[in-house]
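Asks: Have a look at this prediction, sequence included:
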Amino acid sequence: MRKLIVSNFVTLDGFYEGKDKNIDSIFDYYHEDYHGDDNFDFYNAERMRAADTLLSGRASFLGNKEYWSGVLIDPNATAIRREFAGLIQSIEKVVVSDQLTVAEFGEWENTRIVKQADAVREITTLKEQEGRDIFMFAGRTL
């Protein structure tokens, strides 16, 4: 049976996002000692290399697509962030959503939509199939 690995942001006091429903405000309190620390990026790249499927909900899929597509062309991005950006774009993606449309995939063509009502069955089926890990990067509600 394949493993489902989840990597998520959360503050020590239990917050995943700010009042505006995104993670940007978490970084308002990012301790200066951690600027330039790539350990989180190295950890997630290692998890992504061990996986062959990325699982997400609509909001995290769209947020990751928007952010990581820009990292691929950012000349100031670190090598590990560019590698992760390439990995997240190329991996098979399964998105649990009743609202996502194929038109929203952009260059992330290797994406499949699973309706919320079918999510438990589909994820159970994914776990039972042969393959590498199933990785969920971000996504507080899924």
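Replies: Perfect, I can see it now.
Asks: From the rest of the structure, what touches the longest strand along the chain?
Replies: Longest strand of the chain, by residue count under DSSP state E: strand 51-57. Outside strand 51-57, the residues that touch it by CB atoms under 8 Å, 6 or more residues apart in numbering are 4-5, 48, 64, 88, 91-97, 123, 126, 131-139, 141-142. The C-beta positions use only the backbone N, C-alpha and C, and glycine is treated the same way.
Asks: now, which of those lie within helices?
Replies: Counting by DSSP state H, the contacts of strand 51-57 place 48, 64, 88, 123, 126 in helices.
Asks: Output the below-cut-off pLDDT ranges for the protein.
Replies: Residues of the chain that meet the criterion pLDDT under 70 lie in 15-18, 20-31, 33-36, 140.
Asks: can you give me the strands for it?
Replies: 4-7, 51-57, 92-96, 111-114, 133-137.
Asks: okay if I get the ones in helices among the contacts of strand 51-57 as a markdown table plus neighbour count and distance to residue 117?
Replies: Shown next, in a markdown table, are the ones in helices among the contacts of strand 51-57 (neighbours: other CB atoms under 10 Å; distance: CB to CB, whole Å):
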| residue | neighbour count | distance to residue 117 |
| --- | --- | --- |
| 48 | 22 | 28 |
| 64 | 20 | 24 |
| 88 | 24 | 27 |
| 123 | 19 | 13 |
| 126 | 17 | 16 |
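Asks: and which of the residues you listed is nearest to residue 72?
Replies: Nearest to residue 72 among those is residue 88, at 9.8 Å by CB to CB.
Asks: Distance of the closest residue to that closest one other than its chain neighbours relative to residue 103?
Replies: Of all residues not flanking residue 88 in the chain, residue 68 sits nearest, at 5.1 Å (CB to CB, 6 or more residues apart in numbering). The gap separating residue 68 from residue 103 is 19 Å, by CB to CB, to the nearest Å.
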